[in-house]
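S.K.: I would like to see how this sequence folds:
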Amino acid sequence: MNMVPAAPHPFSVLKPALEVYLLGLVDFEAALFLQDRLATGLGERADAAGAVLVCEHPPLITVGREGSRADFCCSPEELTSREIAVRWLNRGGGCVSHAPGQLAIYPIIPLERRHLGLVDFRNHLEAAVVDACVELQIPASQRPDEPGVWCRAGQVAQIGIAVRNGVSYHGAFVNVCPRPDLMRLTRGLAGARLSSLAAQGLRPVSMAPVRESLVRNLAARLDYPRYHLYTGHPLLRRTKKVVAYA
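M.R.: All right, here's what the predicted structure looks like:
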């Protein structure tokens, strides 16, 4: 008698999911702590599940391995008077001015288990930003030799990636609608002019549709057919910090 093989359990054929945490406005150090915890946890697993943190930061300047004080467009005294800290990091990329209105996208992905090299991963990250821009009817493009995403008015997304034990952290910083004066505190790599999606002048740009499109397109580019959205994270250490914007 021929035996018909049993159908696989539906959950056994599902690909690993991408866990997406929408954190809102969060202090940079708190986001860095959470990235570290998630990267350590994913590094100890055997599957290819990944995570993404999506947030905004209070005014801050971070400096990657390719950045230096020559990229600052302000004096140390101005930063002190405005209570804007500078954080030096072991990530790729240069100087990034952070502020509310800029989306920080931190994909924490086990690159080796996803069979992704660093260049491919960066291309996917940039392409997801381009995809989101196209959906918003904002012309945008990548450049082969310059990390980031560009629109007609300048660079609208900067890339700064780090990898530890095969797991990515840090990521992309997309200028949606930040205050222009805060973006002018630094310049991009090779003196790139920084801009924002709101500055393209085609139509108003709000945060919610940009965030939704970025998450969806990033999941698709990284080949995660399933992704789960969460508001906050139980390990997030929120701080109450008064920041001088003037």
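
S.K.: quick one: low-confidence ranges for this structure?
M.R.: Where the chain drops to pLDDT under 70, the residues are 1-14, 240-246.

S.K.: just the helices in it please.
M.R.: Applying DSSP state H to the chain gives helices spanning 28-43, 76-81, 118-135, 180-183, 207-221.

S.K.: For residue 189, which of those is the nearest?
M.R.: Among the helices of the chain, the nearest to residue 189 by Cβ to Cβ is helix 118-135 (13.2 Å). Every residue, glycine included, has its C-beta placed from N, CA and C.

S.K.: With only the CA atoms kept, save stretch 47-58 in PDB.
M.R.: What follows is stretch 47-58, C-alpha atoms only, in PDB (Å, rounded to 0.1, in the frame of the first residue of the first chain):
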ATOM      1  CA  ASP A  47      18.100  30.700  13.100                       C
ATOM      2  CA  ALA A  48      18.000  33.700  10.800                       C
ATOM      3  CA  ALA A  49      15.500  35.800  12.700                       C
ATOM      4  CA  GLY A  50      16.300  39.500  12.800                       C
ATOM      5  CA  ALA A  51      15.200  42.700  14.500                       C
ATOM      6  CA  VAL A  52      14.900  46.400  13.600                       C
ATOM      7  CA  LEU A  53      14.700  49.400  15.900                       C
ATOM      8  CA  VAL A  54      13.000  52.500  14.500                       C
ATOM      9  CA  CYS A  55      13.300  55.700  16.500                       C
ATOM     10  CA  GLU A  56      14.100  59.300  16.700                       C
ATOM     11  CA  HIS A  57      16.800  60.900  18.900                       C
ATOM     12  CA  PRO A  58      17.100  64.300  20.700                       C
END
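
S.K.: Tabulate the helices of the chain (TSV), appending distance to residue 20 and mean neighbour count.
M.R.: Compiled in TSV, the helices of the chain are given as follows (distance: least, Cβ to Cβ, whole Å; neighbours: other Cβ atoms under 10 Å):
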stretch	distance to residue 20	mean neighbour count
helix 28-43	12	18
helix 76-81	33	11
helix 118-135	12	19
helix 180-183	26	18
helix 207-221	5	18
